[in-house]
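Novice: Need a 3D model of the following:
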Amino acid sequence: QLQLMEAGGGLVQPGGSLRLSCTASGFTLASMGYYGIAWFRQAPGKEREGLSCLHTRSGATDYSDSVKGRFTISRDNRKATVYLQMNNLKPEDAADYLCAAVKGCPMAGWGMDSAMWGRGTQVTVSS
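Specialist: Presented below is the predicted three-dimensional model:
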């Protein structure tokens, strides 16, 4: 069984930075038909929003307009981990952040419909 575990959330002041991690364990993504890792967030009362993705074979990346230039996705294959470096955080970035295994990157709808989800990590941006 493939499992994804997020870490790195917490409280940060506006303008600050956090690095989230998403570590896969169990089966490999490719063995289950997943070729990407995507990051999403969901704030209370709002729809889940796709932020960034990385294709695990090609290394291609994609970003939503809301985070482009502030967030960077990267990976460490040896650790089976994908990171989301978040800089210049704003109060509106506060949300539950989730990673997911997706069928590819980029994909329509960020591959949300067929994604396999982690449990999330909370990010709070407040002074």
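
Novice: switch to C-alpha atoms for all contacts and neighbour counts from now on
Specialist: OK.

Novice: burial of the residue nearest to residue 29 when sequence neighbours are not counted, as a residue count?
Specialist: Once flanking residues are discounted, residue 29 sits nearest to residue 35: 6.4 Å by C-alpha to C-alpha, 6 or more residues apart in numbering. Residue 35 has 19 neighbours, counted by other C-alpha atoms under 10 Å.

Novice: So which residue is smack in the middle of the protein?
Specialist: Closest residue to the average C-alpha location of the chain: residue 39 at 2.0 Å, with C-alpha atoms, centre = their mean.

Novice: Where does that one fall, secondary structure wise?
Specialist: strand 36-42 (DSSP states H and E).

Novice: hang on, the earlier thing: residues in a beta bridge with the residue nearest to the centre of the chain, which ones?
Specialist: Beta bridges link residue 39 to residue 52, residue 99, judged by DSSP bridges.

Novice: OK, contacts around it?
Specialist: 50, 51, 52, 53, 84, 97, 98, 99, 100 (C-alpha atoms under 8 Å, 6 or more residues apart in numbering).

Novice: could you dump these to a markdown table with neighbour count, pLDDT and distance to residue 1?
Specialist: Shown next, in a markdown table, are the contacts of residue 39 (neighbours: other C-alpha atoms under 10 Å; pLDDT from 0 to 100; distance: C-alpha to C-alpha, whole Å):
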| residue | neighbour count | pLDDT | distance to residue 1 |
| --- | --- | --- | --- |
| 50 | 23 | 97 | 24 |
| 51 | 23 | 98 | 25 |
| 52 | 24 | 98 | 24 |
| 53 | 32 | 98 | 22 |
| 84 | 22 | 98 | 24 |
| 97 | 26 | 98 | 22 |
| 98 | 27 | 98 | 18 |
| 99 | 31 | 97 | 16 |
| 100 | 28 | 97 | 14 |
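
Novice: Cool, thanks, signing off.
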